[in-house]
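Engineer: Kindly generate the corresponding structure for this input.
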Amino acid sequence: MQEFVENIFRYPRYLIALILGIFWNAIAPLVPLMKRPATAIAVIGLALGGLSFLTFTLRAMLASAISERVVI
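Structural biologist: Residues are numbered from 1 along each chain as shown. This is a model prediction of the structure:
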């Protein structure tokens, strides 16, 4: 039983390591682009634009889902 509990406690560490690995591999190719101001502005602009697009899309999807449930 003790081995089972130890094994269960390893999963959060594995999850954190997995998330950090994905984040690191997504950011590492962008680091050389940050050395020049023109490309840094472009990368930051694309990141903010993508985040805005995702935010507006999810808000629109959730608003339509909520309005479909409301019966007047």
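Engineer: model confidence over the single longest helix found in the chain, on average?
Structural biologist: When the chain is parsed with DSSP state H, its longest helix is helix 37-69. In this model, helix 37-69 has a mean pLDDT of 89.
Engineer: Sort out which residues of it are buried, please.
Structural biologist: Buried residues in helix 37-69, defined by neighbour count with 16 or more other CB atoms under 10 Å: none. Yep, even glycine has a C-beta here, placed from its N, CA and C like the rest.
Engineer: Determine the number of other residues adjacent to residue 34.
Structural biologist: Residue 34: 13 surrounding residues under other CB atoms under 10 Å.
Engineer: what does residue 33 give?
Structural biologist: 13.
Engineer: Got the domain ranges for this protein?
Structural biologist: Each domain of the chain is listed here as a residue range: 1-30, 31-72, per automatic domain parsing.
Engineer: before we move on, the earlier item: which strands and helices lie in contact with the longest helix of the chain?
Structural biologist: Judged by 3 or more CB pairs under 8 Å, 6 or more residues apart in numbering; DSSP states H and E, helix 37-69 is in contact with no other helix or strand.
Engineer: Tell me the gap between it and the middle of its chain.
Structural biologist: 12 Å (CA atoms, centre = their mean, to the nearest Å).
Engineer: Ok, stretch 28-39 next?
Structural biologist: 20 Å.
Engineer: Would you work out how far apart the start and end of that stretch are?
Structural biologist: End-to-end span of stretch 28-39 (CA to CA, to the nearest Å): 15 Å.
Engineer: Might you report the residue contacts of the most centrally placed residue in the chain?
Structural biologist: Note on the chain: the residue nearest the mean C-alpha position is residue 23, at 8.3 Å, using CA atoms, centre = their mean. By CB atoms under 8 Å, 6 or more residues apart in numbering, the contact set of residue 23 is empty.
Engineer: Would you mind measuring from it to residue 1?
Structural biologist: Residue 23 is 35 Å from residue 1, where distance means CB to CB, to the nearest Å.
Engineer: One more: residue 9?
Structural biologist: Applying CB to CB to residue 9 and residue 1 gives a distance of 13 Å.
Engineer: Which one of those two is surrounded by more residues?
Structural biologist: Using other CB under 10 Å, the more surrounded residue of residue 9 and residue 1 is residue 9, with 9 against 5.
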